[in-house]
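*Asks:* below is the structure, and that's it, no one-letter string:
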Ligand code: NAP
């Protein structure tokens, strides 16, 4: 019998990735949605997550991180399994409460990091395990107007600003280098916004790690991590889809969300949870240690 999934928040990522991934994954089935604005044919339609719970075994939250806590608590208290889009919550303290509640209820909580499922991340991990890393340089640059048009929540407290894409880089980094720690950060915050439009990070893992996140770049995106190692230079690029190193060139199709739903299904079947907060912890540390710099006001329209 398939795991009956209800999806909350029918926005950009739910439509682009979650709906097709659920449809393509054995053992899971979309049976309901909860949306303030949208409807979907063929499933039960509700306005609110609490009304949806009777129709589902598990809930996938695709809403912005602010406001997820109440939805997540309602799901867990009803004894339903919970899958969270990245970032899993707005704060580390609310995540601790949610993890404890999931354990109390005996249900699965899965904080997903879709970029860790990119096609070449495993190949990078295997290759790096055989080398000594000297330094890492992360460049995560894109045009916010192209990728987040009209998304007001992303600029509000808890919306993370440029860390919304940047946390994807940190999720890959922490999958490869679990002991990376934040040393310092420079945060560039537009005068009319609450969240950074660019950030420069200094991390350490026994070797230096520099990261540059920038949302003001037009003409194409750069989502790459470059490694200086004793076996030569290596690059994980295209958001983790391509890995190039001496003697290796690998790339593959995007199956990130299908892999996430397969993993969620398997976690539920095994009675396990997976709630790694390392990427969110690094973002929190960047805000804790960050020097703030005033940047020019940003308007969504060009
Ligand atoms: P979005 O396009 O703004 O959609 C979010 C949806 O959540 C809205 O359409 C709305 O759905 C619902 N919602 C509930 N409360 C809301 C509120 N106060 N403000 C705005 N929407 C609210 O955002 P998204 O890009 O899909 O991102 C959602 C989550 O997925 C974020 O955590 C983001 O980091 C993550 N994500 C996004 C992408 C991407 O490329 N966009 C990629 C990976 C992960 P209803 O109208 O149906 O209620």
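*Replies:* All right, it came through fine. Values in this document were obtained by computation on a predicted structure and should not be read as measured data.
*Asks:* report how many residues lie close to residue 181.
*Replies:* 11 (other CB atoms under 10 Å). For glycine as for every other residue, the C-beta is placed from the backbone atoms N, C-alpha and C.
*Asks:* what residues does the chain have near the ligand?
*Replies:* Within the chain, the positions near the ligand by CB under 6 Å from any ligand atom are 9-14, 35-38, 62-65, 67, 85-86, 114, 151, 153, 164.
*Asks:* filter the residues you listed down to the buried ones, PyMOL style.
*Replies:* The buried subset of the residues of the chain next to the ligand, as determined by 16 or more other CB atoms under 10 Å, is captured in PyMOL by this line:
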select buried, resi 9+10+11+14+35+62+63+64+65+85+86+114+151+153+164
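*Asks:* what's the residue of the chain found nearest the ligand sitting at in phi/psi?
*Replies:* Using CB to the nearest ligand atom, the closest approach of the chain to the ligand is made by residue 11 at 1.8 Å. Dihedral angles of residue 11 (phi, psi; degrees, to the nearest 10) stand at phi -100, psi -150.
*Asks:* same check on residue 300?
*Replies:* Dihedral angles phi and psi of residue 300 (degrees, to the nearest 10) take the values phi -60, psi -40.
*Asks:* identify the residue nearest it in space, chain neighbours excluded?
*Replies:* residue 150 (6.1 Å; CB to CB, 6 or more residues apart in numbering).
*Asks:* residues near that neighbour, how many?
*Replies:* Residues near residue 150, counting by other CB under 10 Å: 8.
*Asks:* show the pLDDT at the residue nearest to the spatial centre of the chain.
*Replies:* Nearest to the geometric centre of the chain sits residue 86, at 3.0 Å (CA atoms, centre = their mean). For residue 86, the model assigns a pLDDT of 98.
*Asks:* got a list of what the nearest residue to it once chain neighbours are set aside touches?
*Replies:* In this structure, residue 86 finds its nearest non-sequential neighbour in residue 113, 5.4 Å apart by CB to CB, 6+ apart. The contact partners of residue 113, by CB atoms under 8 Å, 6 or more residues apart in numbering, come to 86, 168, 171, 175, 276, 279.
*Asks:* model confidence for the third one, exactly?
*Replies:* At residue 171, the pLDDT value in this model is 98.
*Asks:* isn't it up against residue 116?
*Replies:* Yes - with contact defined as CB atoms under 8 Å, residue 171 reaches residue 116; the gap is 5.4 Å.
*Asks:* gap between stretch 35-45 and the chain center?
*Replies:* 24 Å (CA atoms, centre = their mean, to the nearest Å).
*Asks:* can you list the low-confidence ranges for the stretch 1-150 of the chain?
*Replies:* Across the stretch 1-150 of the chain, nothing is flagged by pLDDT under 70.
*Asks:* re the thing from before, give the contact list for the residue nearest to the residue of the chain closest to the ligand when sequence neighbours are not counted.
*Replies:* Nearest non-adjacent residue to residue 11, counting by CB to CB, 6+ apart: residue 62, 6.4 Å away. By CB under 8 Å, 6+ apart, residue 62 lies in contact with 7-11, 13-14, 18, 85.
*Asks:* among these, which lie within strands?
*Replies:* Of the positions in those, 7-8 sit in strands, assigned by DSSP state E.
*Asks:* may I see the contacts of residue 62 organised as a markdown table, with distance to residue 121 added?
*Replies:* Converted to a markdown table, the contacts of residue 62 look like this (distance: CB to CB, whole Å):
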| residue | distance to residue 121 |
| --- | --- |
| 7 | 25 |
| 8 | 27 |
| 9 | 26 |
| 10 | 28 |
| 11 | 25 |
| 13 | 19 |
| 14 | 23 |
| 18 | 20 |
| 85 | 18 |
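*Asks:* stretch 108-127 spans what distance, first to last residue?
*Replies:* Using CA to CA, to the nearest Å, the end-to-end distance of stretch 108-127 comes out at 32 Å.
*Asks:* the protein - how does it break down into domains?
*Replies:* 3-111, 118-252+284-295 (automatic domain parsing).
*Asks:* how about the ones you listed in JSON lines, adding distance to residue 270?
*Replies:* Below are the domains of the chain laid out as JSON lines (distance: least, CB to CB, whole Å):
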{"stretch": "domain 3-111", "distance to residue 270": "9"}
{"stretch": "domain 118-252+284-295", "distance to residue 270": "20"}
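*Asks:* for those, which one sits closest to residue 269?
*Replies:* The closest of the domains of the chain to residue 269 is domain 3-111. By CB to CB, the value is 8.0 Å.
*Asks:* now the closest one, how far from the chain's geometric center?
*Replies:* Here the centre of domain 3-111 is set off from its chain's centre by 15 Å, with CA atoms, centre = their mean.
*Asks:* which ones are touching residue 288?
*Replies:* Listed by CB under 8 Å, 6+ apart, the contact partners of residue 288 are residue 182.
*Asks:* right, I'll call it a day here.
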